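Trainee: got a sequence here, can you build the structure:
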Amino acid sequence: MAMRAIWKGHVRFSLVTIPIRVYNAVDTAQTIRFNQLHAEDHGRIGYDKRCKKCGEIVKNEEIVKGYEYEPDQYVIIENEDLEKIKLRTTRVIEIEGFVDAEEVHPTLYDAPYFVGPDGTVAAKTYALFGQALRETGKLGIGRVVLRDREDVVMVGAHGDGLILYKLRTPDALRRIEDVPQLEEQEPDREQLDLATNLIESMTTSLDDIELKDRYQEAVREMIQAKVEGEEVVTATEEEPKVIDIMDALKKSIEQARGERKPMKKAESKKAAGKKAKKGKKAGKAKKARQSKKAKKARKVA
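Mentor: Residues are numbered from 1 along each chain as shown. Next up is the predicted model:
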């Protein structure tokens, strides 16, 4: 199924301009959604837009945007007023500079979007830009207006194409220091050593971890069972028991080691040579024994 672009414009850095289209990277169709129904006759529940002042149901064309600048005091904003705001970022992603990925903290990452070339003429310059980003390992930082708001965005190489991330501004994040019960505590050295040992023993690759929404799959199976008239089996999960941290760490390390496949140690050249010599000597001794037996058999005959 072909993707539909949600934005069309240009990405520009210095004097280079590339016509592009932006696409949603997240497949929202995979999310299970429920309808609200009337329990008596299973009719769908409608969502009436009702005025809280007069109680009347209003149509979409009767609704305007208003900003509350004082309690119950609104200034009305028309679509024409928004269109008068002339920002270059409404049609151009202006790259202000290039940075290393390590400079962008993970908490600043927001929604991802795919970026594609807009037309065959743009494809060549688009491919050139993508390859330059791959070889330098840099990410372009710029701004764009998507869905009535300007966002700081980051453009980088992704597979054979480009990916765009909306970025949160640092002032939009709350402070980690405001999280309750973050008092400074000096960890016990023995416990810390065991904890780091456990982390190292559980270290793996992201490719080896199954990343999928198991809850959505369970919901789909439950829905299918009800459609087919089957009984839905309830799985109960026991509350985890809290045990002593030292016991928990030690048992966890033993369990992690037990689940790992033992690795064969590589033999050194010296050990391999000794083993070969030993094999040759054993072979010669075997041949000598066989020769003696043959001579003895001939004498008896």
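Trainee: output the below-cut-off pLDDT ranges for the stretch 151-300 of the chain.
Mentor: In the prediction, the stretch 151-300 of the chain carries residues with pLDDT under 70 at positions 211, 213, 215, 232-243, 260-300.
Trainee: you'd agree residue 155 is in a strand?
Mentor: Yes. Counting by DSSP: H, G, I helix; E, B strand; the rest coil, one finds residue 155 located in a strand.
Trainee: which ones are touching the residue nearest to it when sequence neighbours are not counted?
Mentor: Here the nearest residue to residue 155 in space, its sequence neighbours aside, is residue 140; by C-beta to C-beta, 6 or more residues apart in numbering that works out to 4.3 Å. Every residue, glycine included, has its C-beta placed from N, CA and C. Contacts for residue 140 were tallied using C-beta atoms under 8 Å, 6 or more residues apart in numbering; they are 11, 13, 95, 97, 98, 133, 154, 155, 156.
Trainee: where do the strands sit along the chain?
Mentor: 5-13, 16-24, 65-70, 73-77, 92-94, 97-100, 109-117, 138-145, 150-158, 161-167 (DSSP state E).
Trainee: before we move on, the earlier item: quick check, pLDDT for the residue nearest to residue 155.
Mentor: Turning to residue 140, the model gives it a pLDDT of 94.
Trainee: that one and residue 151: what is the separation?
Mentor: For residue 140, the distance to residue 151 (C-beta to C-beta, to the nearest Å) stands at 14 Å.
Trainee: mind putting the strands of the chain in a markdown table, distance to residue 201 included?
Mentor: Below are the strands of the chain laid out as a markdown table (distance: least, C-beta to C-beta, whole Å):
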| stretch | distance to residue 201 |
| --- | --- |
| strand 5-13 | 45 |
| strand 16-24 | 40 |
| strand 65-70 | 56 |
| strand 73-77 | 59 |
| strand 92-94 | 45 |
| strand 97-100 | 31 |
| strand 109-117 | 29 |
| strand 138-145 | 34 |
| strand 150-158 | 33 |
| strand 161-167 | 33 |
